[in-house]
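S.K.: no sequence for this one, just the structure:
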């Protein structure tokens, strides 16, 4: 047992002194005296002990007979016992040589509060220096173990009762009167008797810091041995105990030399302990660096932890209330004392920083290296369990990877979002692969501005470049485990080699790389081969990109009456039934709409839904909020100073309009885990945007084609005007006839130009954008090496398609939306134009003639003006972006220029 063993902290209140009561003391001394008397009777009172000892024993025998037994110090077997001279004595019997110049009472009286008072000891003035040295040597051997001596005493500020204060390690002593300010982690300071010779005092002042280092290290060991400080601190404490064991062995050897060698001196002691002084100073540097002024783990936890359990769930799920509370609590009222204890990765970072800063010192480099390896053992074990099996075992939140336990696979069964992939496991420092680290509610404040993060949020510097591989390797294996497949860890060599792997070892870095590669290959095999990801993507292409759109044409024909209703009035059940009929009767296309081998099982995963807003209105809102594109010269639709008011008016106008079912119609697609990690809600949303874009084009094309068929087959558009009636002037009739023919021609010409525009945009989107990008995606998926590369390629494919289809630019969106709405509105007036033509032919035969030609031209002129204006604006926008930002729009420029504008 250590000679200085710090007491375990209690919950509060006064502490019982570590001394014997009078009753216990009398009982022990009486027993020892009784044993001694019986032994003397058996031995016959031999003269082995000399007259001095026999006199003392006779005196003690008389004292026992008189009922007083103050001490057992005269017993020969106890004279050289280490703690013999520390036992309080009320009789004033000196331990060695009664009345000697260096002797004195070892009793140190204490006040009721436990503070040390001045002891009654003889002054060393005038005492020979060799005797002073002998006395000080004995004191020093105890002081080096943190035990107070006679002439080397505690500093007046020190109070034994405040060794482990109850006021939450604030650095203030726990004495009752509150006047102490001693911090146990700073070590006990000792003072030397002023009567000691100056030469000895000077040498003692060089040695005494060793006792301060020792007591501070022991206090640190006792404090960090508690459970709340985590496994890394426990491993560090075990390493410190190993070093302190060597120190205590050295003290035992010095004590043995002191008791057996008459030539042992203070200079020799200094010679022996001088190297140890440097070692313990390095250990004390570590303990002080790991001991910022912060509350204890037990007291740092807020009493409202149970109340915040729901808040933690909200924060893990990305809800805003708890984030705001966390930001206000940490950002406004946060201080260093509220940042938690130093544990986990922060401990390793501090030791590594000290190792790097003192790498020129061989002793420091070796010592810090040993402690870093010892403290990193549990950290390495946690990382190996995470990257080797996908299990995160982090009870004390020390690892660099954080788990949000409230986000589990159950969320994927209800709403297959990629929150499970992105937010279930994250890095504690808040950094992500997509961009630099941003301030998040779950990331604690740095201890100093720009300094290291506290606790497990501080990633060790030697792992900074490997943190993303560590995160992803565990994520991959965790997904495999969620599928019910047990993963065997990658063998890193023999068990001895694996145990020897440290944080800074090259073997450990190779092990991380090997496990990352293994996890990638395993999950890729699961997704591409077992889950048939490529066939699933082909199925998505078939339904959402209309690669074989005969099913959509058939569906629009069957559901035409239902799609002309409002979005709220349309029946989703009926639309879903019609879609199932259309898709079920479709010929199976291998690799696209069917399951494995064209089984057709994936057709059931397609569902009909209704969006809550129009496509272009929603996209314009998203683009204006996210700022996808910067303002350019002459930008159409750019918001000026009154943009907020204009946006509010447009919103009120949109709320009053009823959204048609054909404008809100979209498809949804259901996939199971783990495919939901790739085909997530975010990617499905991109597919839906592209589908609605193509659907609207298909619908307008179908409407304009139906208008063309009607104008081609119906009589009003093909029948020549009747001959001039006798009641009308021939000249006026000839003018009307020419005007009517021109009107019919202009209607057909506008319809043809609109149909040409829609077909050119549709052809560009399908043949110039979707199909080439899809072929490129298939090629990338064939050569993909990592899961994150697969996810990135898939999202990049969809983003590229959205951009090249002009759905991410506010300037292009506004011009295109106005243009396509004009075309769809014109197609809605097919029957009106036919009715107007019939009325004109009928009125021409009447005596009065046709008087409504001006209104017909005015009505048609509005469509022509609107279409020509937005067509020119859209063409200018496309040419501008094709020459500046998006070269892929060049084919569209050529296609649009083929549409002639009438002169």
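M.R.: Arrived safely. Everything quoted here is computed from the prediction, not taken from an experiment. Numbering: from 1, shown residues only.

S.K.: got the buried residues for stretch 275-288?
M.R.: Buried residues in stretch 275-288, defined by neighbour count with 16 or more other Cβ atoms under 10 Å: 276, 279-280, 282-284, 286-287. Where C-beta positions appear, they are placed from N, C-alpha and C, glycine not excepted.

S.K.: What is the burial count for the closest residue to residue 429 other than its chain neighbours?
M.R.: Nearest-residue entry for residue 429: residue 457, 5.2 Å, with adjacent residues in sequence omitted and distances by Cβ to Cβ, 6 or more residues apart in numbering. When neighbours are counted by other Cβ atoms under 10 Å, residue 457 registers 24.

S.K.: And the helices in the stretch 151-300 of the chain, which stretches?
M.R.: 198-207, 209-224, 230-260, 266-289, 297-300 (DSSP state H, counting those that start in this stretch).

S.K.: same question, the stretch 301-450 of the chain
M.R.: According to DSSP H, counting those that start in this stretch, the helices that the stretch 301-450 of the chain contains are 309-316, 320-331, 345-357, 362-389, 409-414, 419-423.

S.K.: Compare the mean pLDDT across those and name the weakest.
M.R.: Mean pLDDT across the helices of the stretch 301-450 of the chain is lowest at helix 320-331; the value there is a mean of 42.

S.K.: Buried deepest among the helices of the stretch 151-300 of the chain, which one?
M.R.: For those, the largest average neighbour count (mean count of other Cβ atoms under 10 Å) is found in helix 209-224, namely a mean of 23.

S.K.: and the direction of it versus that of helix 230-260, what angle?
M.R.: Helix 209-224 and helix 230-260 are oriented at 140 degrees to each other (axes from the mean of the first three to the mean of the last three Cα atoms, to 10 degrees).

S.K.: Going by contacts, tell me the helices and strands next to helix 209-224.
M.R.: Judged by 3 or more Cβ pairs under 8 Å, 6 or more residues apart in numbering; DSSP states H and E, the packing partners of helix 209-224 are helix 230-260, helix 266-289.

S.K.: Could you say which one of the ones you listed comes nearest to residue 730?
M.R.: helix 230-260 (105.9 Å; Cβ to Cβ).

S.K.: if we can go back for a sec, these two touch, right, the residue nearest to residue 429 and residue 445?
M.R.: No - using Cβ atoms under 8 Å, residue 457 is not in contact with residue 445, being 9.6 Å away.

S.K.: any idea how far the residue nearest to residue 429 is from residue 400?
M.R.: According to Cβ to Cβ, to the nearest Å, residue 457 and residue 400 sit 8 Å apart.

S.K.: Overlap in contacts, these two.
M.R.: Shared contacts of residue 457 and residue 400 (Cβ atoms under 8 Å, 6 or more residues apart in numbering): 345, 428-429.

S.K.: top of those by neighbour count?
M.R.: residue 345 (28 neighbours).

S.K.: pLDDT on stretch 878-895, on average?
M.R.: pLDDT averaged over stretch 878-895 gives 90.

S.K.: Excluding its own residues, what touches it? List them.
M.R.: Looking at what lies outside stretch 878-895 - Cβ under 8 Å, 6+ apart - the contacts are 632, 760-761, 763-764, 768-769, 803-804, 806, 809, 811-812, 875, 896.

S.K.: pLDDT check: weakest of the residues you listed?
M.R.: Lowest confidence among the contacts of stretch 878-895: residue 632, with 37.

S.K.: returning to that earlier point: and the helices and strands packed on helix 209-224: which comes nearest residue 548?
M.R.: Using Cβ to Cβ, the helices and strands packed on helix 209-224 put helix 230-260 closest to residue 548, at 58.8 Å.

S.K.: which helices and strands does the closest one pack with?
M.R.: helix 129-143, helix 209-224, helix 266-289, helix 345-357, helix 362-389.

S.K.: Any idea which of these gets closest to residue 798?
M.R.: Of all the helices and strands packed on helix 230-260, helix 362-389 comes closest under Cβ to Cβ, at 30.3 Å.

S.K.: shaky segments in the stretch 101-250 of the chain?
M.R.: Filtered on pLDDT under 70, the stretch 101-250 of the chain yields the residue ranges 101-120, 160-182.

S.K.: let's see 90
M.R.: 101-128, 130, 134, 155-187, 228 (pLDDT under 90).

S.K.: Dump the helices and strands packed on helix 209-224 to CSV, plus distance to residue 472.
M.R.: Below are these laid out as CSV (distance: least, Cβ to Cβ, whole Å):
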stretch, distance to residue 472
helix 230-260, 23
helix 266-289, 32
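
S.K.: what's the closest of the ones you listed to residue 511?
M.R.: Per Cβ to Cβ, nearest to residue 511 of the helices and strands packed on helix 209-224: helix 230-260, 19.3 Å.

S.K.: so the closest one versus helix 362-389, what angle?
M.R.: 150 degrees.

S.K.: Report the inter-axis angle for helix 230-260 versus helix 345-357.
M.R.: Going by the same axes, to 10 degrees, helix 230-260 makes 50 degrees with helix 345-357.

S.K.: how big is the angle separating helix 230-260 from helix 129-143?
M.R.: On the basis of the same axes, to 10 degrees, helix 230-260 is oriented at 150 degrees to helix 129-143.

S.K.: can you start the count at 59 instead of 1 from here on
M.R.: In the new numbering, first residue 59, that becomes helix 288-318.

S.K.: Now render the helices and strands packed on helix 288-318 as CSV, adding distance to residue 525.
M.R.: Formatted as CSV, the helices and strands packed on helix 288-318 follow (distance: least, Cβ to Cβ, whole Å):
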stretch, distance to residue 525
helix 187-201, 47
helix 267-282, 26
helix 324-347, 23
helix 403-415, 10
helix 420-447, 10
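
S.K.: now for these, which one comes closest to residue 250?
M.R.: Comparing those under Cβ to Cβ, the one sitting nearest is helix 187-201, at 8.3 Å.

S.K.: Count the neighbours of the closest residue in space to residue 316 that isn't next to it in sequence for me.
M.R.: Take residue 316 and drop its neighbours on the chain: the residue closest to it by Cβ to Cβ, 6+ apart is residue 322, 5.2 Å away. Counted by other Cβ under 10 Å, the residues lying close to residue 322 total 18.

S.K.: ok, now residue 877?
M.R.: So residue 877, with other Cβ under 10 Å, has 23 neighbours.

S.K.: ok, for it, nearest residue in space, not its chain neighbours?
M.R.: Here the residue nearest residue 877, using Cβ to Cβ, 6+ apart, is residue 928, at 4.3 Å.

S.K.: need the contact list for the one you found.
M.R.: Here residue 928 is in contact with 873, 876-877, 880 (criterion: Cβ under 8 Å, 6+ apart).

S.K.: so which helix or strand takes in it?
M.R.: helix 911-942 (DSSP states H and E).

S.K.: Report the buried residues of that helix.
M.R.: 911, 914, 918, 921-922, 924-925, 928-929, 931-933, 935-940.

S.K.: Quick one: closest of the helices and strands packed on helix 267-282 to residue 625.
M.R.: Among those, helix 288-318 sits nearest to residue 625 (Cβ to Cβ), with 56.1 Å.

S.K.: Residue 211 against residue 247, yeah?
M.R.: No - look at residue 211 against residue 247 with Cβ under 8 Å: they stay out of range, at 10.3 Å.

S.K.: Which one's more surrounded, these two?
M.R.: residue 211 (20 against 16).
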